[in-house]
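Participant: A predicted structure for the sequence below; I have some questions about it.
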Amino acid sequence: MQPIQVGLLGIGTVGSGTFNVLARNQAEIRRRAGRGIEITMVADLDTARAQAIVGDRAQVVADARQVIANPAIDIVIELIGGYGIAKTLVLEAIAAGKHVVTANKALLAVHGNEIFAAAREKGVIVAFEAAVAGGIPIIKALREGLTANRIEWIAGIINGTTNFILSEMRDKGLDFDVVLKEAQRLGYAEADPTECDRVRRAGAVRPRARRGHHDAAGGRHPLRRAAGLPHQAARHHEAP
């Protein structure tokens with residue numbers, strides 16, 4: 001059986017890690033899934049750096065729309081970040097009948113309802129486990145393991161960046177500014193930390209709120225109260 005072909009949009013820290021993990025574990029993925037999953041096309045504005053990462057294992061292009069337009073691509077992974085061009089490309093991929101995987105919490109926080117509605121209408125999936133809690137499989141647990149439960153409260157350290165910073169401060173006794181610089185150096189935090197304040201908090205909570213929320217009475221739910229989110233943020237929306 002032919003492998004599932006994947007197009008990758010953005011090959012920075014997370015994108016390169018995704019590419020290398022999939023490449024390294026091809027045999028095990030094929031054994032478990034019964035079919036390979038291969039990134040065969042990569043789009044990044046820095047094509048030289050992208051080519052150095054993928055070598056001859058994938059086609060590299062500068063225009064992300066070439067990936068979306070390729071009929072051989074089954075799944076598009078969006079790792080560009082932000083909610084400008086990323087939103088446009090995700091919606092174009094959905095319109096082209098591609099399933100989408102994203103780790104972009106800002107995109108889902110701001111445009112999640114629109115994206116999920118488009119995916120539902122087109123009959124494709126938007127997978128977003130990687131956008132929540134540093135990739136901890138909480139969405140799968142809520143969707144499958146706890147589907148009969150009424151979720152009333154979700155609490156904890158809500159993103160991987162915060163988890164790293166607080167752990168380093170506690171374990172090493174370092175100041176916040178020192179640990180933030182280290183997180184930025186390692187690619188865990190944005191270069192401009194002011195960008196990730198409210199959007200990061202909202203983006204980390206909203207996907208879980210959508211998955212776990214049941215509010216038949218329409219009142220103010222503790223998920224929204226805890227996160228300071230508007231009413232629509234915790235409504236139950238997701239792709240098919």
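Facilitator: Everything's here; your move.
Participant: show the backbone phi and psi for Ile4.
Facilitator: phi -70, psi 130 (degrees, to the nearest 10).
Participant: who does it bridge with?
Facilitator: Ile37 (DSSP bridges).
Participant: quick check, it in contact with Gly34.
Facilitator: No: counting by Cβ atoms under 8 Å, Ile4 does not reach Gly34; the two are 10.8 Å apart. Glycine gets a C-beta too; all of them are placed from N, C-alpha and C.
Participant: more neighbours, these two?
Facilitator: Remark: of Ile4 and Gly34, Ile4 carries more neighbours, 16 against 8, as counted by other Cβ atoms under 10 Å.
Participant: roughly how far does that one sit from Val21?
Facilitator: Separation of Ile4 from Val21 (Cβ to Cβ, to the nearest Å) stands at 15 Å.
Participant: which non-adjacent residue is nearest the residue nearest in space to the middle of the chain?
Facilitator: By Cα atoms, centre = their mean, the chain has its centre lying nearest to Ala103, at 1.4 Å. Distances taken as Cβ to Cβ, 6 or more residues apart in numbering put Ala130 closest to Ala103, at 3.8 Å, once the chain neighbours are dropped.
Participant: distance of that neighbour from Ile29?
Facilitator: 16 Å.
Participant: same deal with Ile125?
Facilitator: Going from Ile125 to Ile29 by Cβ to Cβ gives 18 Å.
Participant: then Glu168?
Facilitator: Taking Cβ to Cβ, one finds Glu168 at 33 Å from Ile29.
Participant: those helices in the chain, which residues are they?
Facilitator: For the chain, applying DSSP state H gives helices covering 13-24, 26-33, 47-54, 64-69, 85-95, 105-122, 138-140, 160-172, 176-186, 198-212, 222-227.
Participant: and Asn149, which of these is closest to it?
Facilitator: helix 198-212 (8.6 Å; Cβ to Cβ).
Participant: quick one: Val42 and Val60 touch, right?
Facilitator: Yes: look at Val42 against Val60 with Cβ under 8 Å: they come within range, at 5.1 Å.
Participant: in terms of neighbours, single out the busier of the two.
Facilitator: Neighbour count, other Cβ under 10 Å: between Val42 and Val60, Val42 has more, with 27 against 20.
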